[in-house]
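Visitor: requesting a structural model of the entry that follows:
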Amino acid sequence: MKRTVRTTDGRVLAVEDVGDPAGRPVLVHSGTPGSRLQYGPHARDATERGLRLIGYDRPGYGGSSPRPGRTVADCASDVRAICADLGIERLAMWGASGGGPHVLACAALLPDLVAAAASLASLAPFDADGLDYFDGMAPENVDDTVLFLSDEAAARAKTDRDRAEIMAEPPGDTTESADGAPGDGGADDEAAGEFGPALPPVDEAAIASGLGDFFATAMRAALAPGSDGWWEDNCLLRPWGFSLADITVPVLLLHGREDVFVPFGHGQWLAEHIPGVRPLLLDDDGHLSLLQNRVPEVHWWLSEHL
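Guide: I've put the predicted structure just below:
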């Protein structure tokens, strides 16, 4: 089901839910860049568990209005607006990669709404005390971060170029729709090429399984209106606007040692700074394999708290 939600400041948020329409609600925060679309196997797993997966486009992505200058913490008011519109008084949520800080923001700022939260391959704060932010990060990601911090005009121009390259790629025919309908096969190499850094074998396997084609579709949906959402997600590199110490709800944290997008040290740091967290620091996972292989475990754990 697709719908739009209007916020108190007059913006529009695009929302879509899959899984069991009468199920217990679980809101998903997508990565960067990402959209409200859900991976077919995740939707099927949610249906089997009696869960309703709710995705939304963060401001500037897909069908959601831009919100220039937003902070990570600002997502909490958008989530509250979505819950009010859908009539949801209590829910669980998970977020991956760039969605990780956003799910942690909701865990800290919305304890009345959030029963439990799971963070997969999340970034740590850029100013995290005692963390070497770039240690183990792919050079391409390091270069993009340094460019943003040193020359915002050049970084914005590069974001626009990167977006244009993604949109110019012909869509593959192996994508899975939000409800899990398979395509015909044949676009794995194209999808893998959109991720930039050389991937560890576990992430290459995730790409080949169909996850890469889903991401290609989700990114194009997110970037269709322009690059505003992707650019605004640089809020991940600024102060987040909340304290991890304020989290009081149960949090499950997963991070793979083979991650070249968000290095393992980020997961270790977060595990040491989120009160009461249950960490799963996994030697044999990367960044993408968490999404391919571990979401059923996440759904099971969240179900136990709903």
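Visitor: just say helix, strand or coil for L13.
Guide: Three-state call for L13 (DSSP: H, G, I helix; E, B strand; the rest coil): strand.
Visitor: quick one: contacts for it?
Guide: Residues near L13 by C-beta atoms under 8 Å, 6 or more residues apart in numbering: 4-7, 56-57, 59, 63-65, 78, 81-82. C-beta: built from backbone N, CA, C; applies to glycine.
Visitor: and what of P33?
Guide: Neighbour list for P33: 61, 163, 219, 222-223, 229-230, 233 [criterion: C-beta under 8 Å, 6+ apart].
Visitor: if we use 7 Å, what do you get?
Guide: By C-beta atoms under 7 Å, 6 or more residues apart in numbering, P33 lies in contact with 61, 219, 222-223, 229-230.
Visitor: of the contacts of L13, buried ones?
Guide: 5, 7, 56-57, 59, 63-65, 78, 81-82 (16 or more other C-beta atoms under 10 Å).
Visitor: about what we covered before: so which of the contacts of P33 is the most crowded?
Guide: Neighbour counts for the contacts of P33 (other C-beta atoms under 10 Å) peak at Y61, which has 31 neighbours.
Visitor: now do the helices in the stretch 1-150 of the chain.
Guide: Taking DSSP state H, counting those that start in this stretch as the criterion, the stretch 1-150 of the chain carries its helices at 40-49, 75-86, 99-109, 139-150.
Visitor: highest mean neighbour count out of those helices?
Guide: Mean neighbour count (mean count of other C-beta atoms under 10 Å) peaks for helix 99-109 among the helices of the stretch 1-150 of the chain, with a mean of 27.
Visitor: so where's the stretch 201-306 of the chain uncertain?
Guide: Nowhere does the stretch 201-306 of the chain drop to pLDDT under 70.
Visitor: remind me, longest helix of this structure?
Guide: When the chain is parsed with DSSP state H, its longest helix is helix 152-168.
Visitor: residues in contact with it?
Guide: Residues from elsewhere that reach helix 152-168, judged by C-beta under 7 Å, 6+ apart: 147-148, 194, 219-220, 223, 227, 230-231.
Visitor: now do stretch 286-295
Guide: Counting contacts by C-beta under 7 Å, 6+ apart, the residues outside stretch 286-295 that touch it are 39, 42, 45, 96-97, 120-121, 200, 202-203, 205-207, 209, 211, 254, 256, 258-262.
Visitor: emit the PyMOL select command for whichever of the residues you listed are buried.
Guide: Filtering the contacts of stretch 286-295 down to the buried ones (16+ other C-beta under 10 Å) takes a single PyMOL command:
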select buried, resi 39+42+45+96+97+120+121+200+202+203+205+206+207+209+211+254+256+258+259+260+261+262
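Visitor: how far off centre is stretch 279-297?
Guide: Taking C-alpha atoms, centre = their mean, to the nearest Å, one finds stretch 279-297 lying 14 Å from the centre of the chain it belongs to.
Visitor: list the buried ones in it?
Guide: 279-280, 282, 285-295.
Visitor: and for stretch 112-123?
Guide: Quick answer for stretch 112-123 (16+ other C-beta under 10 Å): 113-123.
Visitor: now that stretch: mean pLDDT?
Guide: On average, the pLDDT along stretch 112-123 is 98.
Visitor: CA atoms of it as CSV?
Guide: Extracted C-alpha coordinates of stretch 112-123, given in CSV (Å, rounded to 0.1, in the frame of the first residue of the first chain):
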residue,chain,number,x,y,z
ASP,A,112,6.8,6.2,23.8
LEU,A,113,6.5,4.9,20.2
VAL,A,114,9.5,2.6,19.8
ALA,A,115,9.3,-0.8,21.5
ALA,A,116,12.7,-2.0,20.1
ALA,A,117,15.2,-1.1,17.4
ALA,A,118,17.8,-2.9,15.4
SER,A,119,20.8,-1.2,13.7
LEU,A,120,22.7,-3.0,10.9
ALA,A,121,26.1,-1.8,9.7
SER,A,122,25.5,1.7,11.1
LEU,A,123,27.9,4.5,10.9
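Visitor: can you give me the distance of A168 to S35?
Guide: Distance of A168 to S35, given as C-beta to C-beta, to the nearest Å: 18 Å.
Visitor: before I go, just wanted to say thanks for your time.
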